[in-house]
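Enquirer: Show me how the following folds:
(2 chains)
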Amino acid sequence: MNSATVRHLLVRGMLAGLAAGVAALLVAYFLGEPSVRGAIDFEKAKAAHHGGGDDPLVSRALQSTAGLSTGILVYGVAFGGIAALAYCFALGRIGRFGPRASALLLAAAVLVAVYLVPFLKYPANPPAVGNPDTLQERTALYFLMIVLSVLIAVATVILGKRLAPRLGTWNATVAAGAFFVLAVGLAFVFLPAQDNTPAGFPATLLWDFRLATLAVQSTLWTVFGLVFGVLAERALAPAPAERPETSASPAPVAG
Amino acid sequence: MAQSIAQPTSTTAVPATLPIGVIAPWAFFFGLLMLVLLYFVGAEQGATAIFSGTGVHEWVHDGRHLLGFPCH
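Expert: So this is what the prediction gives:
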């Protein structure tokens, strides 16, 4: 257990993030793009300018394919790396969980803390929803919400660990969960609300878009948790030299 | 950290912990690098801009919307 282990896990995290990004990209393209197109049609119907105006810098065809792929794959790789580093901290410290269970738990925790909780306060908006004049404020609030949510999640885990010897694992988990809900609820109450939906924007379109973003993130983190768990378990397994000779060279499996 | 050393022959599969001092440099440098990547996907040429123009924003436009970032 040394620096090389961290490096192995980091590389595997980024690879798992790439795989998760590919899966999320498919969901984004097939579930998300139709509502992005719908929102842009609404915007055009309102004769509002979008991006570069009459002569867009990047065509819609490129934005919805190569641009979308760049965004989601870079997001997957970068968050895969961050999750792998968080995994190095979490491993063996969050309770009696093996490498695969730890990976899936961490992925679920990241999905909730980094996406789901901020989304409940400041949900994702399609094109045409959002006043450019308030972009500064909305961006600052969104990132603040992510930071708060992650800090509350970390505090929840630490609290659960501290309470476990006194209350037992079940009660400590319930108490820590209650703390998480309460702290997130307080943040929701005290942070200002944002509503930028223009009059006449189809409610079903907004719902479909937001549901699609949830599907993208759920896919990303489920695939990441499962793939990274397998890769991490292999990386953490004893080196072949330490194993019995019979298992050092696995026989090729037919089919 | 003495209590966190796993027994190699333990029947459970709880992995040994990695010392914080070993993780910290990796977490700092690569964590920062990853956050910079996320910034370019999620926020560059929106509320803040390192490069002038709208090229980065336009290129990752759809990804930014579908990943939940405020875009414009």
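Enquirer: Let me see the contact set for the residue in chain B that chain A sits nearest to.
Expert: The minimum distance from chain B to chain A, using CB to the nearest CB, falls at residue B:63 (1.9 Å). (C-beta placed from N, C-alpha, C; glycine too.) By CB atoms under 8 Å, 6 or more residues apart in numbering or on different chains, residue B:63 lies in contact with A:28, A:67-72, A:75, B:41.
Enquirer: Would you confirm that residue A:218 contacts residue A:112?
Expert: No - counting by CB atoms under 8 Å, residue A:218 stays clear of residue A:112, with 10.7 Å between them.
Enquirer: show me where pLDDT drops low in chain A?
Expert: Applying pLDDT under 70 to chain A flags residues A:1, A:47-55, A:239-255.
Enquirer: do that again at 90, thanks
Expert: A:1-3, A:43-58, A:60, A:92, A:95-96, A:130-134, A:194-199, A:237-255 (pLDDT under 90).
Enquirer: re earlier: leaving aside the residues adjacent along the chain, what's closest to the residue of chain B closest to chain A?
Expert: Distances taken as CB to CB, 6 or more residues apart in numbering or on different chains put residue A:71 closest to residue B:63, at 1.9 Å, once the chain neighbours are dropped.
Enquirer: I'd guessed that neighbour sits against residue B:68; true?
Expert: No - taking contacts as CB under 8 Å, residue A:71 lies outside contact range of residue B:68: 11.5 Å.
Enquirer: can I assume residue A:224 is in contact with residue A:16?
Expert: Yes - taking contacts as CB under 8 Å, residue A:224 lies within contact range of residue A:16: 5.3 Å.
Enquirer: Next, show the common contact partners of these two.
Expert: Common neighbours of residue A:224 and residue A:16 (CB under 8 Å, 6+ apart) are residue A:80.
Enquirer: how about residue B:46, what does it touch?
Expert: Contacts for residue B:46 (CB under 8 Å, 6+ apart) come out as A:135, A:139, B:57, B:64, B:69-72.
Enquirer: same question, residue B:40
Expert: By CB under 8 Å, 6+ apart, the contact list for residue B:40 reads A:74, B:56, B:60.
Enquirer: Let me see the ranges of the helices in the stretch 101-250 of chain A.
Expert: Listed in chain order, the helices of the stretch 101-250 of chain A (DSSP state H, counting those that start in this stretch) span A:117-121, A:135-167, A:169-190, A:203-236.
Enquirer: Buried residues in the longest one, which are they?
Expert: Neighbour-count burial for helix A:203-236 flags A:205-206, A:208-210, A:212-229, A:231-233, A:235-236 (criterion: 16 or more other CB atoms under 10 Å in any protein chain shown).
Enquirer: any idea which element the residue of chain B closest to chain A lies in?
Expert: helix B:61-66 (DSSP states H and E).
Enquirer: and that helix, how far out from the chain's middle?
Expert: 18 Å (CA atoms, centre = their mean, to the nearest Å).
Enquirer: average pLDDT across that helix?
Expert: Per-region confidence: helix B:61-66 scores 94 on mean pLDDT.
Enquirer: Need the CA coordinates for it. CSV is fine.
Expert: Extracted C-alpha coordinates of helix B:61-66, given in CSV (Å, rounded to 0.1, in the frame of the first residue of the first chain):
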residue,chain,number,x,y,z
HIS,B,61,-22.8,24.0,-25.2
ASP,B,62,-25.0,20.9,-25.3
GLY,B,63,-22.8,19.0,-22.8
ARG,B,64,-23.0,21.9,-20.4
HIS,B,65,-26.8,22.0,-20.6
LEU,B,66,-27.2,18.2,-20.3
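Enquirer: mind checking how far stretch B:51-65 is from the chain centre?
Expert: 20 Å.
Enquirer: repeat for stretch A:22-31
Expert: On CA atoms, centre = their mean, the centre of stretch A:22-31 falls 14 Å from the chain's centre.
Enquirer: Where does the residue most central in space within chain B sit, in terms of helix or strand?
Expert: Note on chain B: the residue nearest the mean C-alpha position is residue B:34, at 4.4 Å, using CA atoms, centre = their mean. Taking DSSP H and E as the criterion, residue B:34 maps to helix B:20-42.
Enquirer: Return the set of buried residues in the following helix or strand past that helix.
Expert: Next helix or strand after helix B:20-42 toward the C-terminus (DSSP H and E): helix B:55-59. Neighbour counts over helix B:55-59 (16+ other CB under 10 Å) mark B:56-59 as buried.
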